[in-house]
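Undergrad: Provided below are the primary sequence and the corresponding predicted coordinates.
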Amino acid sequence: MARRSEFKGIVRNFAHMLNNRNNDHLGYWATGQLCLLAQQQNISSISINLLEIEHNSVKKHLEPFAKSMRKSLINMLNSHKIPSSWLTSATVTFSFNEQYQKQYHYWRSALGSPYLVTLEITSDLGKVYKQTFGGNVNPHDPLKEQRRAGF
């Protein structure tokens, strides 16, 4: 039987997956696309509620991302036999133009500016599980990027 203590590993694995270069949307790296959206909207961070899809001007652009991320989270919970009713909140925040931090960013590891991705999940018992990862990102540019095969 599943235990809520499994949330610790789930949060770490899911945050790592969101930070990974293999996390794509429509064949391109999702973080780069979110960086471009933040730049276009003149904001420094984007938060996505993974439990309920919100509707407003910026959130409308995020709807496909949110649905995809929510589906991945539900699949991960299902693989651990954890009911989604054990969650009261699940939020992922992508913060762009961050200051260099040694534990999250590797100096000269990639071109672009530092970013952070933070996943925070609250269980129905009130315990908060949080994980942060980071890297470097450039805004999405299809002229400079290769699209994943199959799109």
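TA: Thanks, I have it.
Undergrad: Which neighbouring elements make contact with the longest helix anywhere in the chain?
TA: Secondary structure of the chain per DSSP state H: the longest helix is helix 57-79. On a contact count with 3 or more CB pairs under 8 Å, 6 or more residues apart in numbering; DSSP states H and E, helix 57-79 meets helix 7-19, strand 24-25, helix 30-41, strand 45-49, strand 87-96. Bear in mind the C-beta positions are built from the backbone N, C-alpha and C, glycine included.
Undergrad: nearest to N78, of the ones you listed?
TA: helix 7-19 (11.1 Å; CB to CB).
Undergrad: Tell me the buried residues in that closest one?
TA: For helix 7-19, a neighbour-count test (16 or more other CB atoms under 10 Å) marks F7, I10, V11, F14, A15, M17, L18, N19 as buried.
Undergrad: Quick one: mean pLDDT for it?
TA: In this model, helix 7-19 carries a mean pLDDT of 93.
Undergrad: Could you do stretch 30-50 as well?
TA: Stretch 30-50 shows a mean pLDDT of 90.
Undergrad: Outside of that stretch itself, list whatever touches it.
TA: For stretch 30-50, the external contacting residues (CB atoms under 8 Å, 6 or more residues apart in numbering) are 18-19, 23-26, 58, 61-62, 65-66, 68-70, 73, 89-97, 115, 117, 135, 137-141, 145.
Undergrad: and the end-to-end length of it?
TA: 15 Å (CA to CA, to the nearest Å).
Undergrad: re the thing from before, got the angle for the longest helix of the chain vs strand 45-49?
TA: Here helix 57-79 points in a direction 50 degrees away from that of strand 45-49 (axes from the mean of the first three to the mean of the last three CA atoms, to 10 degrees).
Undergrad: Report the backbone C-alpha coordinates of helix 57-79 in PDB.
TA: Extracted C-alpha coordinates of helix 57-79, given in PDB (Å, rounded to 0.1, in the frame of the first residue of the first chain):
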ATOM      1  CA  SER A  57      -4.500  36.100 -20.500                       C
ATOM      2  CA  VAL A  58      -1.100  34.600 -19.500                       C
ATOM      3  CA  LYS A  59      -2.500  31.400 -18.300                       C
ATOM      4  CA  LYS A  60      -4.300  30.800 -21.600                       C
ATOM      5  CA  HIS A  61      -0.800  30.400 -23.200                       C
ATOM      6  CA  LEU A  62       0.100  28.000 -20.400                       C
ATOM      7  CA  GLU A  63      -2.900  25.700 -20.700                       C
ATOM      8  CA  PRO A  64      -1.300  23.200 -23.100                       C
ATOM      9  CA  PHE A  65       1.800  23.100 -20.800                       C
ATOM     10  CA  ALA A  66      -0.300  22.800 -17.700                       C
ATOM     11  CA  LYS A  67      -2.400  19.900 -19.100                       C
ATOM     12  CA  SER A  68       0.700  18.000 -20.200                       C
ATOM     13  CA  MET A  69       2.500  18.500 -16.800                       C
ATOM     14  CA  ARG A  70      -0.700  17.600 -14.900                       C
ATOM     15  CA  LYS A  71      -1.100  14.400 -16.900                       C
ATOM     16  CA  SER A  72       2.600  13.400 -16.200                       C
ATOM     17  CA  LEU A  73       2.100  14.100 -12.500                       C
ATOM     18  CA  ILE A  74      -1.100  12.000 -12.400                       C
ATOM     19  CA  ASN A  75       0.700   9.200 -14.300                       C
ATOM     20  CA  MET A  76       3.500   9.300 -11.700                       C
ATOM     21  CA  LEU A  77       1.100   9.200  -8.800                       C
ATOM     22  CA  ASN A  78      -0.800   6.300 -10.400                       C
ATOM     23  CA  SER A  79       2.400   4.300 -10.900                       C
END
